[in-house]
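> Okay, here's the prediction I keep looking at, along with the sequence it came from:
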Amino acid sequence: MGRFSPAGGRPIAMNQTQEATRNKPRDPSAEPNLDILRAMAVGFVLYAHVAGRDPFVRTAIGRFGVLIFFVHTSLVLMSSLERVGLEGPGMFAVFYVRRAFRLYPLSVFAVLLAALVHAPSFADEPYRALTPGQLWSNVLLVQNLTRSPSNPGPLWSLPYEVQMYLLLPCIYLLVRARSGRAVFALWAAVALVCIPSLPAWLSVGNFAPCFLGGILAWRMRRRNWMPSWLWPLLITVACALFCQPYLDRKYAGWLVCLLLGGSIPQFRPAGNRAVVFLAHSVAKYSYGIYLSHEPLLWLVFRHLQMPRLLRWAVFPLLLVLVPVAAYHLIEDPCIKLGASLAKKLGKRMAAPARPAATAVES
């Protein structure tokens, strides 16, 4: 295989290493702009629960943070499926094993710990004990299907991620050889179907167009024509638009996720070292921050007796120490264990992989 020189049109030999490097699927989880997106997502949720006073604004900002988590997740997981290079049952098995070991260990720990210490769902609410059925719903992350309360409160979003995980490999097979335009058409079709009120067992449809925003970003051609400093500004503007009180949260969420998904490939990667380091650090520990901040708010501001000034010193310290400890003691070991098991499973179930098609959007 060769490429053509711009002058004479004669093929120039390309060695196998160069060709493999050029065709290797990129890993967006290593891109600083996606770290910024994930860091801002957890920042919006944290701000909404710590500083939000107006109930509407508090709910809207927190919901926006969750929705851009969905965009980030679907983009990263599409690329992960592409890099696995498996076909058939092996691809599904490897994907599900890795996701289970990524998501469940820390969430199960958070659910059981909250039940053990009688922490409420949200810091400003009274504690309500979960029934055995509700506790199992939280452990299995099916609260939306059983209509059970979530504890910790931010756990409400994880069932929708789990249910989208069941669909993402199928969507990957459907759109992997298609362009961004085809994904946009899929987004429009799904949005049209999900406009009516959906029963509990289909409630993931209320967020499916948000996930498709990330899939759109995965299939679109990278252009990198916009300066990187505009990227966090665009996310902030999207949040302001989403929080307008006259908009329906469901449909506004679909549109801002589509906007963000279509915008991701347009921006040049952030290059400021301090920004990149900070965003990467927050993104790395964001899952722990997401699950622990409400129990920590309850512990510091409701449960422990201490001066107010000391509380505002202790809470940020714990908000750093607890997610870091959770990552290194629970998340990271389980991620590695899941990756090891998935690798062994993939070798057993491996089928010859078809070369990944690359779609170019005109």
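Noted; the coordinates are in hand.
> buried residues in whichever strand or helix holds L46?
Per DSSP states H and E, L46 falls inside helix 32-50. By 16 or more other C-beta atoms under 10 Å, the buried positions in helix 32-50 come out as 32-46, 48-50. Placement of C-beta: from N, CA and C, glycine included.
> neighbours around the residue nearest to A252 when sequence neighbours are not counted, how many?
Spatial nearest neighbour of A252, chain neighbours left out: F242 (5.1 Å); criterion: C-beta to C-beta, 6 or more residues apart in numbering. F242 has 22 neighbours, counted by other C-beta atoms under 10 Å.
> List the buried residues for the helix or strand containing Q134?
Using DSSP H and E, Q134 maps to helix 132-140. Going by neighbour count (16+ other C-beta under 10 Å), the buried part of helix 132-140 is 134-135, 137-138, 140.
> Closest one to G153 out of the residues you listed, please.
Nearest to G153 among those, counting by C-beta to C-beta, is N138 at 10.8 Å.
> Might one say that that closest one is in contact with T146?
No: the criterion here is C-beta atoms under 8 Å, and N138 misses it with T146 at 9.5 Å.
> Which residues are in contact with the spatially most central residue of the chain?
The chain has T73 as the residue nearest its centroid, 2.9 Å off, counting by C-alpha atoms, centre = their mean. By C-beta atoms under 8 Å, 6 or more residues apart in numbering, the contact list for T73 reads 161, 164, 211, 214.
> Against A129, how distant is it?
31 Å (C-beta to C-beta, to the nearest Å).
> quick one: contacts for F211?
Contacts for F211 (C-beta under 8 Å, 6+ apart) come out as 70-71, 73-74, 164, 168, 257.
> now it, nearest residue through space, not along the chain?
S74 (4.2 Å).
> residues touching the one you found, list them.
Counted by C-beta under 8 Å, 6+ apart, S74 has contacts 164, 168, 211-215, 218.
> first to last residue in stretch 134-151, what's the distance?
End-to-end distance of stretch 134-151 (C-alpha to C-alpha, to the nearest Å): 10 Å.
> okay but H293 is in contact with G43, surely?
No: counting by C-beta under 8 Å, H293 does not reach G43; the two are 10.9 Å apart.
> low-confidence ranges in this structure?
Filtered on pLDDT under 70, the chain yields the residue ranges 1-30, 53, 351-362.
> burial of V94, as a residue count?
27.
> was I right about it contacting R348?
No: V94 is beyond contact range of R348, at 10.3 Å (criterion: C-beta under 8 Å).
> picking that back up, are any of the contacts of T73 buried, and if so which?
161, 164, 211, 214.
> Please report how far the third one lies from L255.
When you say that, I think you mean F211. Counting by C-beta to C-beta, the gap from F211 to L255 is 14 Å.
> Next: the last one.
Between G214 and L255 the distance is 14 Å, computed by C-beta to C-beta.
> can you give me how far stretch 274-292 is from the chain middle?
Between the centre of stretch 274-292 and the centre of its chain there are 13 Å (C-alpha atoms, centre = their mean, to the nearest Å).
> got it, and stretch 145-165?
14 Å.
> before we move on, what about stretch 202-214?
12 Å.
> In that stretch, which residues are buried?
203-214.
> Pull the contacting residues for A48.
57-62, 65.
> Any chance of a PyMOL selection covering the buried ones in those?
Filtering the contacts of A48 down to the buried ones (16+ other C-beta under 10 Å) takes a single PyMOL command:
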select buried, resi 58+60+61+62+65
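> Please flag which of the contacts of A48 sit within helices.
Under the assignment DSSP state H, the contacts of A48 contribute 57-62, 65 to helices.
> Isn't C243 up against G65?
No: at 11.3 Å, C243 and G65 do not qualify as touching, with contact defined as C-beta under 8 Å.
> Contacts only, for the nearest residue to V57 once chain neighbours are set aside.
Of all residues not flanking V57 in the chain, C243 sits nearest, at 6.1 Å (C-beta to C-beta, 6+ apart). By C-beta under 8 Å, 6+ apart, C243 lies in contact with 57, 60-61, 64.
> Closest one to P333 out of those residues, please.
Using C-beta to C-beta, the contacts of C243 come closest to P333 at F64, 32.0 Å.
> Correct me if wrong: that closest one contacts V237.
No: in this structure F64 lies outside contact range of V237 using C-beta under 8 Å: 11.5 Å.
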